[in-house]
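Asker: return a 3D structure for these sequence lines:
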Amino acid sequence: MAAARLHPAITVSNIKNFVPITLELNTSHYSSWAELFKIHCQAFDVLDHIIPTTDDSSGASSAGQTQTTNIAYWIKLDAIVLSWIYVTLSNELLINILTPGSTAQQTWKRIKAIFHDNQHSRAVHLAAKFANTKLGSFPNMSAYC
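Answerer: So this is what the prediction gives:
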């Protein structure tokens, strides 16, 4: 009997080594975080857990036992990717997106919606904050700049 192949995602012990950014609600690091996360998922062959593939070649066999094993394995890998997502979020953001029974893809979409839905209002807020910035509020010109 051939030994089962170990999936590369199972070998990741610390996602922070690959995605050093902690995503927070009040920062504009979403694009960088998402890009690093996608690169990591692609490198460890689990990108389809956050971005669905368009083809139906999942490799699942039509035999009942093999298909059940493949589904159970897919669920295990999805839980790993989901834990990667959770570990790279701030506590405040985690509390906002944490939903029992979610898949990695559902969570990925919720995070994307949070950061893309408020882009315009965030830009207006930052422009107003910038316009109201006074030199007297800073100890020196370097800090002001």
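Asker: can we go C-alpha only for contacts and neighbour counts from here?
Answerer: Fine.
Asker: wait, is H40 part of a helix?
Answerer: Yes - remark: H40 belongs to a helix, assigned using DSSP: H, G, I helix; E, B strand; the rest coil.
Asker: and the spatially closest residue to it that is not a sequence neighbour, what does it touch?
Answerer: Take H40 and drop its neighbours on the chain: the residue closest to it by C-alpha to C-alpha, 6 or more residues apart in numbering is F18, 6.7 Å away. Contact partners of F18, counting by C-alpha atoms under 8 Å, 6 or more residues apart in numbering, are 36-37, 40.
Asker: likewise for T103?
Answerer: Contacts of T103 by C-alpha under 8 Å, 6+ apart are 78-79, 82.
Asker: please identify which of those is nearest to H29.
Answerer: L82 (19.3 Å; C-alpha to C-alpha).
Asker: buried ones in the longest helix along the chain?
Answerer: In the chain, assigned by DSSP state H, the helix with the most residues is helix 64-87. Across helix 64-87, burial judged by 16 or more other C-alpha atoms under 10 Å covers 70, 77-82, 84-87.
Asker: how about L23, phi and psi?
Answerer: phi -70, psi 130 (degrees, to the nearest 10).
Asker: what sits closest to it if chain neighbours are left out?
Answerer: Nearest non-adjacent residue to L23 (C-alpha to C-alpha, 6+ apart): L89, at 4.8 Å.
Asker: test my guess that that neighbour contacts P20.
Answerer: No - L89 is beyond contact range of P20, at 10.7 Å (criterion: C-alpha atoms under 8 Å).
Asker: between those two, which has more neighbouring residues?
Answerer: Neighbour comparison, L89 and P20: the larger count goes to L89, with 19 against 12 (by other C-alpha atoms under 10 Å).
Asker: which of the contacts of F18 ranks first by neighbour count?
Answerer: Using other C-alpha under 10 Å as the neighbour test, the contacts of F18 are led by F37, with 23 neighbours.
Asker: tabulate the contacts of T103 (CSV), appending distance to T103.
Answerer: Below are the contacts of T103 laid out as CSV (distance: C-alpha to C-alpha, whole Å):
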residue, distance to T103
D78, 7
A79, 7
L82, 7
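Asker: can you give me the mean pLDDT across stretch 26-34?
Answerer: For stretch 26-34, mean pLDDT is 88.
Asker: many thanks, we can stop here.
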